[in-house]
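A.B. asks: using only what follows, build the 3D model:
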Amino acid sequence: MRLIFSFIVLLAIGPAFFFLDGAILKDFRLRFDSLAPAYVATTDRECRSRLFLFHHCSYDYVYNHDDQSQTYFFVSLGAPDTLSLLRSNTTGELTSDVGQDYLWNRILTVLLFPALLLWFLAKYFSARRPATAVEGPAPRQAPQPRPSSPPGAGQRRQAFGKRR
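C.D. replies: You can find the predicted model right below:
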């Protein structure tokens, strides 16, 4: 029961990452725009890594007299070096270099975790399914003893596998 509960919790991680990140669709739209540095002050800017593979970057900023915050969750072999804000030249929306550089990592994180966990669930439940008894042929009878070989028949061969 504990294993099933842990699978359900882990299965919820992918959609939770999508909603906690919240900017995958915006960053995907901005991927094709020309971006320039946005000179907006940020606070609480940090990127943390867990097990050198799981990364969490976040920052807070004030834009148009409104407090904003952004958080990114993704899987990558290397942590980001810097985190700076970028502005779209056409729409004026803000994003960060981490949001753009690790966009595909973020998308794969959201898609890969639920897919991987569904695969584990399928393997777990298919392995636990009891095998149905198939009625087959009648059981075999015990083999009859062999007649003994003539004396000296086995003495030609000195060692098993030895060539002459």
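
A.B. asks: residue ranges in the protein under the pLDDT threshold?
C.D. replies: Low-confidence regions of the chain, defined here as pLDDT under 70, cover residues 1-3, 6-7, 9-22, 128-139, 147-164.

A.B. asks: and the strands in this structure?
C.D. replies: If DSSP state E is used as the criterion, the strands of the chain fall at 35-37, 42-50, 54-63, 66-75, 85-88, 94-96.

A.B. asks: among the ones you listed, which is the most enclosed?
C.D. replies: strand 94-96 (a mean of 22; mean count of other CB atoms under 10 Å). Quick note: C-beta positions are derived from backbone N, CA and C, even for glycine.

A.B. asks: how near is Val98 to Pro145?
C.D. replies: In this structure, Val98 and Pro145 are separated by 77 Å, where distance is defined by CB to CB, to the nearest Å.

A.B. asks: actually Ser96, not the one I typed
C.D. replies: Taking CB to CB as the measure, Ser96 falls 82 Å from Pro145.

A.B. asks: and what of Asp33?
C.D. replies: 86 Å.

A.B. asks: top helix in this structure by residue count?
C.D. replies: Assignment by DSSP state H gives helix 103-128 as the longest helix of the chain.

A.B. asks: buried stuff in that one?
C.D. replies: 103, 105-107, 109-110, 113-114, 117, 121 (16 or more other CB atoms under 10 Å).

A.B. asks: what's the closest of those to Phe54?
C.D. replies: Checking those against Phe54 by CB to CB gives Thr109 as the nearest, at 8.6 Å.

A.B. asks: from Leu77, how far out is that closest one?
C.D. replies: Distance, Thr109 to Leu77, using CB to CB: 13 Å.

A.B. asks: how about Gly99?
C.D. replies: For Gly99, the distance to Leu77 equals 18 Å [CB to CB].

A.B. asks: so if I had to pick from the two, which one is more boxed in?
C.D. replies: Gly99 (25 against 8; other CB atoms under 10 Å).

A.B. asks: my guess is the more buried one contacts Ala23. True?
C.D. replies: Yes. With contacts defined as CB atoms under 8 Å, Gly99 counts as touching Ala23 at a distance of 6.0 Å.
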